[in-house]
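1. coordinates for the following, if possible.
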Amino acid sequence: MPGDCPGVPSGVLDPRSTWKDRAAYDRTVRKLAGMFQENFAQYADQVTPEVRAAGFRNPG
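-> Model (predicted):
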């Protein structure tokens, strides 16, 4: 996530800060990350080990 971008308010660069319900944001991030990981698993055997490792990082 970029720390700064000319002409863009810094608060917008942190998507979590744009949600009123931060816990809902956290749940949504985890859900979306899981969906990406499930989808990526279909293709994991077709990519290099480096790409495979990046595709399965824990979102936090």
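2. mind listing the helices for the protein?
-> 22-41, 49-55 (DSSP state H).
3. weakest of the ones you listed by average pLDDT?
-> Per-stretch mean pLDDT for those is lowest at helix 49-55 (a mean of 81).
4. mind giving me the packing neighbours of that one?
-> helix 22-41 (3 or more CB pairs under 8 Å, 6 or more residues apart in numbering; DSSP states H and E). From N, CA and C alone the C-beta is placed, and that goes for glycine too.
5. pull the distance from the helix it packs on to the chain's centre.
-> Computed by CA atoms, centre = their mean, to the nearest Å, the chain-centroid distance of helix 22-41 equals 7 Å.
6. isn't L13 up against G3?
-> Yes. Look at L13 against G3 with CB atoms under 8 Å: they come within range, at 7.0 Å.
7. higher neighbour count, these two?
-> Neighbours of L13 and G3, each counted by other CB atoms under 10 Å, are more numerous for L13; the result is 14 against 7.
8. now do that one against V29, distance only.
-> The gap separating L13 from V29 is 16 Å, by CB to CB, to the nearest Å.
9. tally of neighbours for S10?
-> For S10, using other CB under 10 Å, the count is 11.
10. related to what we said a few turns ago, mind putting the helices of the chain in CSV, mean neighbour count and distance to G7 included?
-> Output for the helices of the chain, formatted as CSV (neighbours: other CB atoms under 10 Å; distance: least, CB to CB, whole Å):
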stretch, mean neighbour count, distance to G7
helix 22-41, 12, 25
helix 49-55, 11, 30
